[in-house]
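Asker: Need a 3D model of the following:
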Amino acid sequence: MAAVGECSLPAPWRPVSLTHVEYPAGDFSGQLLAYLSLGPIFIIVGFVTLIIFKRELHTISFLGGLAFNEGVNWLIKNVIREPRPCEGTVWPTVSVEFGAEC
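Answerer: Below you'll find the predicted structure:
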């Protein structure tokens, strides 16, 4: 994360209820993207439901691959520990990688 006071926007941030996803108040595209960022939660619920009812090896291995990728991302993030830059390019976030894999 960037240090406190860096990269701050003048607009107050509003949370999506029951989550930790925030968007600038009054920004429609930010609100839309905040709700879209909750998509991986619904995908995981769908995978677990399919595994419980279908028990297909393909679905189980796909979910295992997603879990392995999350573990590798967590490991890299905790080993490198670089603050996020305010501008410029950064590594893809976990949610972007998750969406690309699905």
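
Asker: in the protein, which spans are strands?
Answerer: 13-15, 22-24 (DSSP state E).

Asker: Could you point out which of those sits nearest His58?
Answerer: strand 22-24 (35.7 Å; Cβ to Cβ). Heads up, the C-betas are built off the backbone N, CA and C, glycines and all.

Asker: Give the other helices and strands that the closest one contacts.
Answerer: strand 13-15, helix 28-36 (3 or more Cβ pairs under 8 Å, 6 or more residues apart in numbering; DSSP states H and E).

Asker: what are the pairing partners of that strand, and which direction each?
Answerer: Taking DSSP bridges as the criterion, strand 22-24 sits next to strand 13-15 (antiparallel) in its sheet.

Asker: Which residues does the strand it pairs with contact?
Answerer: By Cβ atoms under 8 Å, 6 or more residues apart in numbering, the list of residues contacting strand 13-15 from outside reads Val21, Glu22, Tyr23, Pro24, Ala25, Gln31.

Asker: List the buried residues of stretch 58-77.
Answerer: Buried residues in stretch 58-77, counted by 16 or more other Cβ atoms under 10 Å: Thr59, Phe62, Leu63, Leu66, Asn73.

Asker: Let me have the helices and strands packed on strand 22-24 in JSON lines, adding mean neighbour count and distance to Lys77 as columns.
Answerer: What follows is these, written out as JSON lines (neighbours: other Cβ atoms under 10 Å; distance: least, Cβ to Cβ, whole Å):
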{"stretch": "strand 13-15", "mean neighbour count": "13", "distance to Lys77": "23"}
{"stretch": "helix 28-36", "mean neighbour count": "13", "distance to Lys77": "22"}
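
Asker: tell me the mean pLDDT for stretch 39-48?
Answerer: Mean per-residue pLDDT for stretch 39-48: 88.

Asker: comparing the strands of the chain, which gets the lowest mean pLDDT score?
Answerer: strand 13-15 (a mean of 78).

Asker: Off-centre distance for it?
Answerer: Put simply, strand 13-15 sits 17 Å off its chain's centre (Cα atoms, centre = their mean, to the nearest Å).
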